[in-house]
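> the sequence and its predicted three-dimensional model are supplied below.
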Amino acid sequence: MNPLTQITARPTVLDIANIDTDQIIPARFLTTTTRIGLGKHAFNDWRYRADGSPDPDFVLNQGEAGDRVLLAGDNFGCGSSREHAPWALLDAGIRAVVSTRIADIFRNNALKNGLLAIVVSPEQWASLHAQTATQWAIDLRAETIRAGAVTVPFKIDAFARACLLEGVDELGYLLKRTDLIDQFEQGRAA
Amino acid sequence: MSGKTLFEKIWQAHEVEAAEAGRPAVLYVDLHLIHEVTSPQAFDVLRARGMTLRQPGRTVATLDHSTPTTPADAEGRHTYADSATEAQVRQLEANCREFGVTIHGYDSPSRGIVHVMAPELGLTQPGMTIVCGDSHTSTHGAFGALAFGIGTTEVGHVFATQCLLQQKAKTMAIEVEGRLKPNVGAKDLILHIIGQLGVAGGTGHVVEYRGEAIRALSMEGRMTVCNMSIEMGARAGLIAPDEQTFAWLRGRPNAPQGTDWNQAVARWKQFATDSDAQFDRVVRIDASAVEPSVTWGTDPGKVVAINGRLPEVADEGMRKALAYMKFEAGQSIHGVPVDVVFLGSCTNSRLPDLQEAAAVLRGLRVHPKVRMLVVPGSEAVKREAEAIGLDEVFKAAGAEWREPGCSMCLGMNGDIAKPGELVVSTSNRNFEGRQGKGVRTVLASPATAAAAAIAGVIVDPRSFQEVAA
């Protein structure tokens, strides 16, 4: 994975609580055997009208193309363990999700794919919400979101952060522990 | 020094490397379950790196999500919803052949929904760590196993190393005090609990369900409760194993046999929370206050007692949920017209679930305006149900008796309802579009689902159950 240190992207507000993984990517699009090309189905049922045309009222269909940061309502990503959710968001150009709470499995999956899952306090969320006219700069090393007039600090899991900053592959990290795993298995067999 | 919780004991027994500042623990996985939806990309990672499974004997596969629930034709051919679902099934079959993984495919008498099949085979055992690329892996916690859902990247980690990098969750005790009323069951209880705690009430925690009402549940009831732990955001749900657990597991194909059995039971008995252990959080639930419960909104935390009224609008989320469901604030849930009834899913597709519904349906007819689908959780459940004539009860009532699979719980296999239809479903998620675009889902127990099928509207199942008894 390529190192990830900074993201500059346009904020998009989706102020809805409990956005579940079935909204992020409906189950009928999980029939793929690859991880590519899911972006066109991100938020499919909110994004397209019955005739398949983009719904101009949905925020992701508004504004110019390019990278986005999603400022989402509380408890984002609840529901299933489908990693198709972060795959779809990244493929749709969403580089980070900022919410007051992010579901455990989604957050885990997101960080493993370089999608920043950032939890802020309700007060910080409100201050970010007032700064959506300009691009935001997220600095993973400094753990800050610079949004117009405000700079909001955040904390991300230290290990996940280190892996992202250095482009470390977690499987590679685990494979380096093969001796320990051998010992563990031998200890149990004894 | 204070004692340990069940969770901490299982965790400690599987720590290959303890967590340190800035570094997660390396946790060993005893049992890895896989299905066709969340595994193909993980097999690709192995292939790309020229790797094999570290412990192929600890991985077991099944076909459940994309499989049709209509029977195969005379030549054994299945009719899939589309070419993609068929390709996904074929891919898993091919991957299991290539990497030496046991798969319970169409030719297996054990095939079923992953969380129904693994306990039936005795693969699920107390004190184990169990993972699957599926959030309802929490089901296996009913046996006192630490079981949780993982993403596909992590499926690849387990393939390659039999381990996961994990941060330890916090602990929560849900003490269910007293006894459930007659004809109030496990599904009503867990819906009530999620209604109380909300869909994020368990985030970051592993829940242990405790108390008299939990002890009194059957193993299938305990699975129903643990299954829905994820619906309140919990990482996992656990119930300490007891004599009932051991009796349920005894003699199952993968359970220890002979003298190994006694040793296993002695070891399993250690997997209980010490009396002086501390939980990070304790929640108390009065079992006697639980009524037959259903959901009214678009997340499993929006719950109402069957004779209750929907709440008044308190926020935008509630307004949005009411609009999607075409309900009014303050209305009664009783009497809401029903289009489809789905009896199935990893929450409620086991033999006692089918019996609970059949007891309501026996001798009656599904309302002419209602379509009812009954989808047993596994080939074993299907066989057992047919052996005692439950299939005939359902068919005589006018319900469709189908082949095992996840089916309309998430509709990946094409079992969906039409836009705007209302489905009373024994599954676990009522999210927008979960059972088909625009479909409205009301989560309920098997008895409530069966009663709705007969009445054509949502009703208190006890009126039927009291007659049946």
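Happy to help now that I have it.

> and residue B:48, how far from residue A:113?
Applying Cβ to Cβ, to the nearest Å, one obtains 16 Å for the distance of residue B:48 from residue A:113. The way it works is simple: take the backbone N, C-alpha and C, and place the C-beta from them, glycine included.

> settle it for me: which of these two has more neighbours?
Here residue B:48 and residue A:113 are set side by side on neighbour count (other Cβ atoms under 10 Å in any protein chain shown), and the busier one is residue A:113, at 19 against 9.

> is the residue lying closest to the more buried one once chain neighbours are set aside in a helix, a strand, or coil?
Nearest non-adjacent residue to residue A:113, counting by Cβ to Cβ, 6 or more residues apart in numbering or on different chains: residue A:86, 4.8 Å away. Following DSSP: H, G, I helix; E, B strand; the rest coil, the label given to residue A:86 is helix.

> which parts of chain A are strands?
With DSSP state E applied, chain A shows strands at A:6-14, A:68-72, A:94-99, A:116-119, A:136-139, A:144-147, A:150-153, listed in chain order.

> same list (these) but as JSON lines, adding mean neighbour count.
Formatted as JSON lines, the strands of chain A follow (neighbours: other Cβ atoms under 10 Å in any protein chain shown):
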{"stretch": "strand A:6-14", "mean neighbour count": "17"}
{"stretch": "strand A:68-72", "mean neighbour count": "25"}
{"stretch": "strand A:94-99", "mean neighbour count": "24"}
{"stretch": "strand A:116-119", "mean neighbour count": "22"}
{"stretch": "strand A:136-139", "mean neighbour count": "19"}
{"stretch": "strand A:144-147", "mean neighbour count": "21"}
{"stretch": "strand A:150-153", "mean neighbour count": "15"}
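
> distance to residue A:161 added to those strands, as TSV?
What follows is the strands of chain A, written out as TSV (distance: least, Cβ to Cβ, whole Å):
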stretch	distance to residue A:161
strand A:6-14	13
strand A:68-72	17
strand A:94-99	13
strand A:116-119	9
strand A:136-139	11
strand A:144-147	13
strand A:150-153	13
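
> Three-state assignment for residue B:173, please.
Classification of residue B:173 into helix, strand or coil gives strand, according to three-state DSSP.

> which element is the closest residue to it other than its chain neighbours on?
If you skip the residues right next to it in sequence, residue B:173 has residue B:279 as its closest partner in space, 4.2 Å away by Cβ to Cβ, 6+ apart. When secondary structure is defined by DSSP states H and E, residue B:279 falls outside every helix and strand.

> any regions of chain A where pLDDT drops low?
Applying pLDDT under 70 to chain A flags no residue at all.

> regarding chain A, what is its longest helix?
Among the elements of chain A assigned as helix by DSSP state H, the one spanning the most residues is helix A:178-189.

> what packs against it?
Helices and strands touching helix A:178-189, as assessed by 3 or more Cβ pairs under 8 Å, 6 or more residues apart in numbering or on different chains; DSSP states H and E, comprise strand B:15-17, strand B:25-28.

> in its sheet, what does the longest one sit against?
The strands beside strand B:25-28 in its sheet (DSSP bridges) come out as strand B:15-17 (antiparallel), strand B:163-166 (antiparallel).

> check the offset of the longest one from the chain's centre.
Centre-to-centre, strand B:163-166 and its host chain are 23 Å apart (Cα atoms, centre = their mean, to the nearest Å).

> run through who's touching that strand.
Applying Cβ atoms under 8 Å, 6 or more residues apart in numbering or on different chains, the contact partners of strand B:163-166 are A:159, A:170, A:173-174, A:177, A:181, B:16, B:19, B:24-29, B:131, B:150, B:154, B:157-158.

> ok, now the first one?
Strand B:15-17 has contacts (Cβ under 8 Å, 6+ apart) with A:177, A:180-181, A:184, B:25-28, B:163.

> so for that strand, what gets flagged as buried?
The neighbour-count check on strand B:15-17 (16 or more other Cβ atoms under 10 Å in any protein chain shown) flags B:16-17 as buried.

> next: stretch A:22-39.
Residues of stretch A:22-39 classed as buried under the neighbour-count rule (16+ other Cβ under 10 Å) are A:22-33, A:35, A:38.

> is it anywhere near chain B?
Yes - contact check for stretch A:22-39 against chain B, using Cβ under 8 Å from any Cβ of the partner chain: residues in range are A:22-23, A:26-28, A:30-35.

> would you agree residue B:459 falls within a strand?
No - in this structure, residue B:459 is coil, not part of a strand, as judged by three-state DSSP.

> next, give phi and psi for it.
Residue B:459 adopts backbone torsions of phi -140, psi 160, taken as degrees, to the nearest 10.

> ok, it touching residue B:452?
Yes - counting by Cβ atoms under 8 Å, residue B:452 is a contact partner of residue B:459 at 6.5 Å.

> any idea how far residue B:422 is from residue B:458?
Separation of residue B:422 from residue B:458 (Cβ to Cβ) stands at 9 Å.

> so what's in contact with these two at the same time?
By Cβ under 8 Å, 6+ apart, residue B:422 and residue B:458 have these common neighbours: B:336, B:338, B:442.
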